[in-house]
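let me see the structure of the following:
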Amino acid sequence: MVDAGTKKTLASIPLLKTKAGPRDKDLWVTRLKEEYSALIQYVEMNKSQDNDWFRLESNKEGTRWFGKCWYVQDMLKYQFDVEFDIPVTYPATSPEIALPELDGKTAKMYRGGRICLTDHFKPLWARNVPKFGIAHAMALGLGPWLAVEIPDLINRGVVVYKEGGGGPVTSS
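Below is the predicted model:
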């Protein structure tokens, strides 16, 4: 069941209409415009609610995405690189979001630092093709994962705050 805050967030992210992936040339351009529009709206909403927690950009083709995400605990900002590729079967297949520097630090992660979204997010994505996009993956996939996993990694001493740079230092 989805809580009221998640429902409100989800309602503020526009649903996408174009069912197209990177192989679909002209339709992919239309889909990318929808993706960027939804992402911009989601980021603006987060900023207006003082809940800014990621930055993303893509390559020219919109097939490779990268940026930063962060989690604040005890007034300390822990920042991580985030990256993912758009699968060729997108939007039928959701992107596999990765935090490479946390690779192997938690059981809820696959090789390469890809976060585990199979139990909760992927079934939700499958029910909402093609309406869900990158903004939804961030809001319903990466956001909840960070909220659960990063505090645990910090409490166990796996992620330690690094003075000055704001980024974490991971221990082995």
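
right, and residue 141 touches residue 99 too?
No - using C-beta atoms under 8 Å, residue 141 is not in contact with residue 99; the gap is 11.8 Å. C-beta: built from backbone N, CA, C; applies to glycine.

next helix or strand past the helix or strand where residue 42 lies?
Using DSSP states H and E, residue 42 sits within helix 26-48. The first helix or strand that comes after helix 26-48 along the chain, using DSSP H and E, is strand 54-58.

and that next one, what other elements does it pack with?
On a contact count with 3 or more C-beta pairs under 8 Å, 6 or more residues apart in numbering; DSSP states H and E, strand 54-58 meets strand 64-73.

so what sits against both of residue 141 and residue 99?
Common contact partners of residue 141 and residue 99 (C-beta atoms under 8 Å, 6 or more residues apart in numbering): residue 115.

where in this protein is pLDDT low?
1-2, 164-172 (pLDDT under 70).

nearest residue to the middle of it?
Of all residues in the chain, the one closest to the mean position by C-alpha atoms, centre = their mean is residue 138, 3.0 Å from it.

pretty sure that one contacts residue 54?
Yes - Residue 138 lies in contact with residue 54 (C-beta under 8 Å); the separation is 6.1 Å.

residue 160 bridge partners, please.
Beta bridges link residue 160 to residue 169, judged by DSSP bridges.

tell me how many other residues crowd it.
13 (other C-beta atoms under 10 Å).

could you check how far it is from residue 78?
9 Å (C-beta to C-beta, to the nearest Å).

do residue 91 as well
For residue 91 relative to residue 78 (C-beta to C-beta), the value is 30 Å.

phi, psi for residue 142 please.
The phi/psi pair for residue 142 (degrees, to the nearest 10) reads phi -70, psi -40.

enumerate every residue touching it.
Neighbour list for residue 142: 54, 69, 82, 97, 115 [criterion: C-beta under 8 Å, 6+ apart].

go through the helix or strand hosting the third one and flag the buried ones.
Element membership for residue 82 (DSSP H and E) is strand 76-85. Applying a neighbour-count criterion of 16 or more other C-beta atoms under 10 Å, the buried positions in strand 76-85 are 78, 79, 80, 82, 83, 84.

do stretch 8-21 as well
By neighbour count on 16+ other C-beta under 10 Å, the buried set for stretch 8-21 is 9, 10, 12, 13, 14, 16, 18, 20, 21.

repeat that for stretch 143-161.
Using 16+ other C-beta under 10 Å as the test for burial, stretch 143-161 gives 143, 145, 146, 149, 150, 153, 154, 158, 159.
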